[in-house]
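**Student:** coords please:
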Amino acid sequence: MSLSELSGSSDRSLLLIHGRDFKPAEETYMDLSLAALRSGLERDYPDQLDAFDSMHKSVAWYGDLNAEILHARGKTYDENLDIGDRRIALAALREINVRKKFGIRQYDQLPGKSAVPEAVVDIVAPLLGVFGLFVPMIRRVSRDFARYLDQKADFAMRVRSRLRERLCELLDRGDRVVLMSHGTGCVIAYDVLWQLSHDPNYKDQYADKKVELWVTLGGPLGDSHMQKRLMGAREKISARFPLNVIAWHNVSAEDDYTCHDNTLADDFKKMMQQRVVSAVHDYQIFNLAVRYGRSNPHSSVGYLIHPRTTKILKDWLQATAIEAMPKYTL
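**Tutor:** The predicted structure is shown next:
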């Protein structure tokens, strides 16, 4: 399925952005992601399939930029194996045909399930900033994301431009947008939203244009050290946060160490106090994805097909545009 075939006729748009590490080619990544989202709707809310199919769908893909850095560091990638394993994981998740089965009982039965990585991060994370080890630690586990945090490199600008161009195109068209980000892509999304709100090159045109719904899946935005590196973190309170999101829903999976601090409403409550966002909602889930024979609570297909993500998307699809509501009369 080509990306052009994914464009629907409605004024609603779904924009995805992935996270770190190697990724399948753009069309393949998009196909797998949409298959997961659509499968969740087919399972729980089949009456919303027509609305989903009619949406415009796109992805801010920068897998080639990640690959440049990782290959330069001697990393290798078997794309065919990765795609095959992702498809196997998705097929297994599609076999779970009742939303209530996405719970702790099923999660505890997954092969290789372990809370150790998240527990280690919970213990170590508070010490990293004290000893100045946050970026060195990120560099050890994620060369590409460490490059994003390196202000001297142009990698961050190139990555942000991929998302910014896609998002601005949708906003310029007047679409009703849901932005769905996974993993470290949540940091990129935050930075781009801040840019469009406050950067002199963009704010006059985009500060007042809203993303109706931002969904963060397994993102590290709750980490205090990461928050210090977000765009706008050092600005006065009036310019610290994005101004262009109406509702923010954050989904975090048990044992997903990427989002070891899994609540954002407390960290970003000043956004609501400043009335620059309507709500920040947190949800904790069990990600039932199995990758390469082991539980992988950070898996994107596991997040996308989960009943919580499905309900968030369903509620947005059902929402009536304010402009379409009847005017109140006495």
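
**Student:** After the strand ranked longest in the chain, heading C-terminal, what element do we hit next?
**Tutor:** For the chain, the longest strand by residue count, based on DSSP state E, is strand 245-253. Counting by DSSP states H and E, the next helix or strand C-terminal to strand 245-253 is helix 269-273.

**Student:** List the buried residues of that next one.
**Tutor:** By 16 or more other CB atoms under 10 Å, the buried positions in helix 269-273 come out as Met271. No exception for glycine: its C-beta is placed from N, CA and C like everyone else's.

**Student:** Average the pLDDT values over it and round to the nearest integer.
**Tutor:** The pLDDT scores in helix 269-273 average 95.

**Student:** So Phe155 sits against Arg147, correct?
**Tutor:** Yes. Here Phe155 reaches Arg147: they are 4.5 Å apart, a contact under CB atoms under 8 Å.

**Student:** Return every residue with contacts to both of the two.
**Tutor:** Listed contacts common to Phe155 and Arg147 are Ile69; contacts here mean CB atoms under 8 Å, 6 or more residues apart in numbering.

**Student:** for the chain, which spans come out with low pLDDT?
**Tutor:** Within the chain, the segments meeting pLDDT under 70 span 1-8, 115-142, 320-330.

**Student:** All the strands of it, in order from the start?
**Tutor:** Using DSSP E, strands in the chain cover 12-17, 56-60, 176-182, 211-217, 245-253, 279-285, 290-291, 294-295.

**Student:** Partner strands of the longest strand of the chain and their direction?
**Tutor:** Strand 245-253 has the following sheet partners, assigned by DSSP bridges: strand 211-217 (parallel), strand 279-285 (parallel).

**Student:** So which of these is the most surrounded?
**Tutor:** strand 211-217 (a mean of 25; mean count of other CB atoms under 10 Å).

**Student:** Could you list the residues in contact with it?
**Tutor:** By CB under 8 Å, 6+ apart, the list of residues contacting strand 211-217 reads 167, 171, 176-183, 186, 189, 193, 244-251, 264, 300, 303-304, 309, 312-313, 316, 319.

**Student:** what about that strand, distance to the chain center?
**Tutor:** 8 Å (CA atoms, centre = their mean, to the nearest Å).

**Student:** got a list of what Ser252 touches?
**Tutor:** With CB under 8 Å, 6+ apart, Ser252 has these contacts: 218-219, 222, 259, 262-263, 282-285.

**Student:** about what we covered before: would you mind writing the PyMOL command to select the buried ones in the contacts of strand 211-217?
**Tutor:** Selection of buried members from those for PyMOL, criterion 16+ other CB under 10 Å:
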select buried, resi 167+171+176+177+178+179+180+181+182+183+186+189+193+244+245+247+248+249+250+251+264+300+303+304+309+312+313+316
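
**Student:** re earlier: could you check which of Phe155 and Arg147 has the larger neighbour count?
**Tutor:** Neighbours were counted for Phe155 and for Arg147 using other CB atoms under 10 Å; Arg147 has more, 24 against 20.

**Student:** for that one, what are its contacts?
**Tutor:** Counting by CB under 8 Å, 6+ apart, Arg147 makes contact with 69, 153, 155-156.

**Student:** now do 6 Å
**Tutor:** Arg147 makes contacts with 69, 153, 155, as judged by CB atoms under 6 Å, 6 or more residues apart in numbering.

**Student:** Export the residues you listed as JSON lines, with columns for distance to Met272.
**Tutor:** Conversion of these to JSON lines gives the following (distance: CB to CB, whole Å):
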{"residue": "Ile69", "distance to Met272": "37"}
{"residue": "Ala153", "distance to Met272": "34"}
{"residue": "Phe155", "distance to Met272": "33"}
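
**Student:** Skipping its backbone neighbours, what lies nearest Leu37 in space?
**Tutor:** Spatial nearest neighbour of Leu37, chain neighbours left out: Leu304 (5.1 Å); criterion: CB to CB, 6 or more residues apart in numbering.

**Student:** whoops, Ala289 was the one
**Tutor:** In space, Ala289 is closest to Gly302, 3.0 Å off (CB to CB, 6+ apart).

**Student:** can you count the residues close to that neighbour?
**Tutor:** 29.

**Student:** any idea how far it is from Lys57?
**Tutor:** Taking CB to CB, to the nearest Å as the measure, Gly302 falls 20 Å from Lys57.

**Student:** Also Arg308?
**Tutor:** On the measure of CB to CB, Arg308 and Lys57 end up 20 Å apart.

**Student:** Ser10 is nearest to which of the strands paired with strand 245-253?
**Tutor:** Nearest to Ser10 among the strands paired with strand 245-253 is strand 211-217 (13.1 Å), distances taken as CB to CB.
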